[in-house]
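Peer 1: model this:
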Amino acid sequence: MFEVLLEVANISAGYGAVRALDDVSLTIGNGEIVGVIGANGAGKTTLARSISGILPISNGRIIFEGREIHNLSPDRIVNMGIIHIPEGRHIFAPFSVHENMVLGCYYRKHLDKSGRKKLLQKGFEMFPVLYERRAQVAGSLSGGEQQMLAIARALMGEPRLLMTDEPSLGLSPIVFTDLCNKFKEINEEGVTLLMIEQNARATLNLSKKLYVFENGHVVDHGESQDFTTQRLKELYIT
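Peer 2: Prediction:
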């Protein structure tokens, strides 16, 4: 088992002439929860898209379990165990909850019917409300329920690294606190997490390490326990 699960080494990426990431580096250890915080436009979503292969990088390397992945297609990266929950959840609104869940293990070709059933059962046990609404059209769920579905669908892909982009978006503080408890539970079951958030306080409380992004750069990083409220205020995050 690799001590460093993912290494992002001096990457740059952007959209046309706009550079959204410039010489960014970070590491994620096996079993860690790592937080990435910053304002809108700081480059957080671009980081997730680069790691998942959606957005090509122009410089640097991305290494997962000792293997370079920055030239691989998104489906191959998913097959390696990196699952990305995008900002806005992106569930399949016309499909049922159950259908959305099943689509989450589309690339797990080794799974037979029994294996898929076990993953479904596990997801429904984590989010009982989804079991109650399993035949319901996903687009009719509340925002919190849709985020639960996005997480449960991602877990169907048996992630080694789960990346979640702005999971608090549109949710009440109470619902988001409940989801953070679920993230802790997922991590305790052996899944490494990269949590990308604007909510600095929640991310600080949940993560082991923290990276602060501003204008496409990492402007501070370290152990989460070493970040004080004053330090975050000085970084214009709180």
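Peer 1: Now for this structure, the helix or strand with the poorest mean pLDDT.
Peer 2: Within the chain, no helix or strand scores below helix 229-234, which has a mean of 69 by mean pLDDT, DSSP states H and E.
Peer 1: could you give me the average pLDDT of stretch 165-173?
Peer 2: For stretch 165-173, the mean pLDDT works out to 90.
Peer 1: buried stuff in that stretch?
Peer 2: Asp165, Glu166, Pro167, Ser168, Leu171 (16 or more other Cβ atoms under 10 Å). C-beta coordinates here come from the backbone N, C-alpha and C atoms, glycine included.
Peer 1: what does stretch 208-223 give?
Peer 2: Using 16+ other Cβ under 10 Å as the test for burial, stretch 208-223 gives Lys208, Lys209, Leu210, Tyr211, Val212, Phe213, Glu214, Gly216, Val218, Asp220, His221.
Peer 1: which regions of the protein sit below the pLDDT cut-off?
Peer 2: Scanning the chain for pLDDT under 70 picks out 1-2, 109, 229-230, 233, 235-238.
Peer 1: Mind doing that once more with 50?
Peer 2: Within the chain, the segments meeting pLDDT under 50 span 238.
Peer 1: residue ranges of the strands in it, please?
Peer 2: Using DSSP state E, the strands of the chain run over 4-15, 18-29, 33-37, 59-64, 67-68, 82-85, 161-165, 192-197, 209-214, 217-223.
Peer 1: Next, format those as TSV and append distance to Phe183.
Peer 2: Shown next, in TSV, are these (distance: least, Cβ to Cβ, whole Å):
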stretch	distance to Phe183
strand 4-15	16
strand 18-29	14
strand 33-37	7
strand 59-64	20
strand 67-68	26
strand 82-85	11
strand 161-165	7
strand 192-197	6
strand 209-214	15
strand 217-223	18
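Peer 1: winner for burial among those strands?
Peer 2: Comparing those by mean neighbour count (mean count of other Cβ atoms under 10 Å), strand 33-37 ranks first with a mean of 26.
Peer 1: Find out how far that strand is from the centre of the chain, if you would.
Peer 2: Its chain's C-alpha centre and that of strand 33-37 lie 10 Å apart, by Cα atoms, centre = their mean, to the nearest Å.
Peer 1: Okay, domains of the protein per the record?
Peer 2: Domains of the chain are assigned by automatic domain parsing as 1-81+160-238, 91-158.
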